[in-house]
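Asks: Please find the sequence and the predicted model below.
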Amino acid sequence: MADADQPRIIRFGPFEVDKRTGELRKRGSRVKLQQQPLQILLALLQSKGDIVTREELRQQLWPEDTFVDFDHSLNAAVKRLREALGESADRPVFIETLARRGYRFIAPIDGSDNGAGTTTIAPVKDSNGRARRWTVLSVSIAALGLALVWAVRSSVTRSSLPSKLQMTERKLTANSVENPIDGAAISPDGTYIAYSDATGLYLKLVRSGELHRIAVPSVFSGHLEGWLPDGAHVLVSRVERPEGALGLWNVPIVGGAPRKIVDDGWGASVSPDGTRIAFLRGAPDIRFQPYARELWITRLDGSDAREVAPSTPDKVFAAPTWSPDGRRLAYLSSSVSHRRNYFSNVNSIELKDVQSLQSQVLLSGMRVGDSLRWLPDDRLVYSLAEEQNPADSNLWAVQVRASSQNSPDPVRLTQGPGWVTNISATANGTTLEFLRKSWQSQVLVARLASGGTLLLATRRLTLDENNDVPFSWTPDSKAIIFTSDRDGTFDVFRHPLDQPLPEPLVVGPENEMVARLNPAGTELLYQSIPSAADAPRSIFAIPLAGGVPRLVLRGKFIVNLQCAQLPSALCVYGVNTPGKHLIRRFDPSSGESSQLAEIPTQGMPVNWSLSPDGSQLAIILYRPDQGIIHLRSTSDNTNRDVVVKGRVGLVTADWAADGNTIFVTSMDRERKTALFNVELDGSNHLLLKDDKDSIEWAVPSPDGKLLAINEYAGTTNVWSLANF
């Protein structure tokens, strides 16, 4: 299949592949693509239009001794490749499927070596000159036809507008990992970008890049929400005190004092006439920051505030945006019971008349993201997670019709790595602004000192750009067990502390998560989570030394899993249901289960941890203004509350190895996180504080000497899109 004479860089359409670095780029920008889809693409390109059979791909991608569901895995890899190229199987631009046989690359290919020169195929000489000329002409016409087909299809895919201008995507800021942007918006006339980061509020002239600080009092800081239509004021949300709520402020960009609009509000959108504001209110969902419990509208001065979407225990809202005529709102709604794990998150885009409060669902699905913008031409721009890479999302647009009419198919606007959010637009709707977050979950390891009250020698263990999530340790405390999406879906890995690379433990077509040891430390229990939101999840067991996984049990909405240590044999898992969280005990050998505890949640996130001796659960219900750990006995369900002194906004809990303290994380309303060690009388010691990245949780080693920390970190910058 391979062609040794093919150059290092292969170009086709707007794409190019560098065979040496293994990178796929589109117009110079890197396109995220996993290893297997990339190998398939190279195999097809190297075959120069010939069929590459499924068997040939199997031999190249999966050696003979590899156990894998080949058909499912190959189909998934090809699907990820098509997604990266922006095409579908029923309307191929580059890759043709030949049923039950294989695949063929159908677009023209241009290759170069080190960026110079092109490859050509000379016509074969033939004794019949006329036949040879007709053959060459036919090939030329076919190639031209393919090029025209590609151009037409690309044009149709890229835009529903008649404009011949090419879409232009542009990066407007270059903030570093140490200072990600947390809010931004483009001015109504497109002249400026206003944004906020850890150092303050700024105005950036789009054309020249000239940067100015917005003049506010030195003690005033906050998150940029958007512009007022006059182009002279911006909306900012900020917290006046650590335990307080986010409030909305009207801030002039040149001189003048900021003026508070509402005490409790963020996620704001201003009506086109500038007279009203739609905003979010109520404690946010700590796991999904843009969401809140309530959706309100008010006048610009904060008067006549009223709730427009009813709050329920199992529902949250995000991203309100006004229709061009100011009569309706579009917003995202999501069921809390489906949202504890990001690849089962089901969002709906709803449209609501602000007078009659009648609503309709425009579209919904697991992949619908967290940002919206309604444009003057009645297109609704939204973000959509990539099917095979749910940590990435891109912008799509759909035309909003009258309620009696069906909307046409959505049109894709962007294609690139990273999570797209925070959409704004110019007043005429010709330019979009958005944030692109290239963040990932990573594993840190640190040494505990002074009885667990001090961290020393903190270092990053996973030196890659994948999402790596730690859950447990090997019994000898020499390796961390974590899950990673480095192969497209989450699999389970073991990373020895003295080695540079991890070892795979469980690899499968679904997302394998929450890997924990059984009480004896001989087996690894883990969850297998299918892509369908309402499909049952499974708990499997596999020998820690290696072997074949066995099914333990299945159930819907399983979200956590933990076991005590011998002599206790208790293992438990959690189930999310509307308004309450259930904890069930189970037998890892037989799969038999029964209910252990029921936790009312009122729609708020819940986190719990089982003590090493199995005697009690440490339960945290997120409250941004409270700091309470609920201790519940596993034998008689009695409760005791631990008030954590001087701390609010507790998020996660993990028992120390000796069961005498608890490692707890917190997040305030401005999304600043901290990790501390809490004693059972509520006294505590700060271990780690982070104002830019997110400390998710910490898992102690069995010997109590080390800590595996889950940190969510990366970069966030401002981008724009024109001529879409």
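Replies: On my side now, so go ahead.
Asks: low-confidence ranges in the chain?
Replies: Where the chain drops to pLDDT under 70, the residues are 1-7, 63-70, 111-165, 242-243, 283-289, 313-314, 336-345, 402-407, 533, 603.
Asks: That one: helices as residue ranges?
Replies: 35-46, 54-61, 70-85, 129-158 (DSSP state H).
Asks: if we look at the first one, which residues are touching it?
Replies: So that's helix 35-46. 1-3, 6, 10, 12, 17, 19, 22, 24, 33, 52, 56-57, 60-61, 73, 77-78, 80-81, 84, 95, 103-105, 109, 487-488 (CB atoms under 8 Å, 6 or more residues apart in numbering). From N, CA and C alone the C-beta is placed, and that goes for glycine too.
Asks: And for the third one?
Replies: Applying CB under 8 Å, 6+ apart, the set of residues contacting helix 70-85 from outside is 15, 24, 31-34, 36-38, 40-41, 54, 57-58, 61-62, 88-89, 92-95, 97, 103, 386-389, 415, 488, 509.
Asks: so of those residues, which ones are in strands?
Replies: F15, L24, V31, I95, T97, Y103 (DSSP state E).
Asks: Setting the sequence-adjacent residues aside, check what's closest to the first one.
Replies: To tie it back to what came earlier, the one meant is F15. K26 (5.4 Å; CB to CB, 6 or more residues apart in numbering).
Asks: F12 is in contact with the one you found, correct?
Replies: No. Proximity of K26 to F12 does not meet the contact threshold set by CB atoms under 8 Å, at 10.8 Å.
Asks: can you point me to the longest strand in the chain?
Replies: Longest strand in the chain, counting by DSSP E: strand 431-449.
Asks: same for that strand, what does it pack against?
Replies: strand 183-186, strand 419-425, strand 454-460, strand 468-473, strand 479-484, strand 706-722 (3 or more CB pairs under 8 Å, 6 or more residues apart in numbering; DSSP states H and E).
Asks: contacting residues around the fifth one?
Replies: The list of residues contacting strand 479-484 from outside it, by CB under 8 Å, 6+ apart, reads 443, 445, 461-462, 466-474, 490-497, 502, 505, 512-515, 517, 524, 526, 699, 708.
Asks: The third one now?
Replies: For strand 454-460, the surrounding residues in contact (CB under 8 Å, 6+ apart) are 442-449, 685, 687-688, 707, 709.
Asks: what residues are up against L448?
Replies: L448 neighbours (CB under 8 Å, 6+ apart): L454, L455, L456, P700, G704, K705, L706, L707.
Asks: Relative to T275, which of the residues you listed is nearest.
Replies: L455 (51.5 Å; CB to CB).
Asks: quick one: that closest one from L362, how far?
Replies: Distance of L455 to L362, computed by CB to CB, to the nearest Å: 48 Å.
Asks: With G546 instead?
Replies: 49 Å.
Asks: Looking at those two, which is more packed in?
Replies: More neighbours surround L362 than the other of G546 and L362, with 18 against 8 (other CB atoms under 10 Å).
Asks: and the residue lying closest to that one once chain neighbours are set aside, how many neighbours?
Replies: In space, L362 comes closest to I349 once its chain neighbours are excluded; the distance is 4.5 Å by CB to CB, 6+ apart. Using other CB under 10 Å, I349 has 21 other residues around it.
Asks: ok, I349 - contacts?
Replies: So I349 contacts A330, Y331, L332, V361, L362, L363, S364, V368, L372, L380, Y382 (CB under 8 Å, 6+ apart).
Asks: what about the fourth one, how many neighbours?
Replies: Yep, that's V361 we're talking about. Neighbour tally, V361, other CB under 10 Å: 10.
Asks: isn't it right up against E350?
Replies: Yes. Using CB under 8 Å, V361 makes contact with E350 at a distance of 5.5 Å.
Asks: Name the residues of the longest strand of the chain that are buried.
Replies: Buried residues in strand 431-449, counted by 16 or more other CB atoms under 10 Å: 431-446, 448.
Asks: what is the orientation angle of that strand with strand 468-473?
Replies: 20 degrees (axes from the mean of the first three to the mean of the last three CA atoms, to 10 degrees).
Asks: Adjacent strands (with direction) for strand 431-449?
Replies: Note on strand 431-449: by DSSP bridges, its sheet partners are strand 419-425 (antiparallel), strand 454-460 (antiparallel), strand 706-722 (antiparallel).
Asks: Return the most buried member of these.
Replies: strand 419-425 (a mean of 24; mean count of other CB atoms under 10 Å).
Asks: so how far is that one from its chain's centroid?
Replies: Put simply, strand 419-425 sits 13 Å off its chain's centre (CA atoms, centre = their mean, to the nearest Å).
Asks: got the angle between the longest strand of the chain and strand 479-484?
Replies: Using the same axes, to 10 degrees: strand 431-449 against strand 479-484 is 170 degrees.
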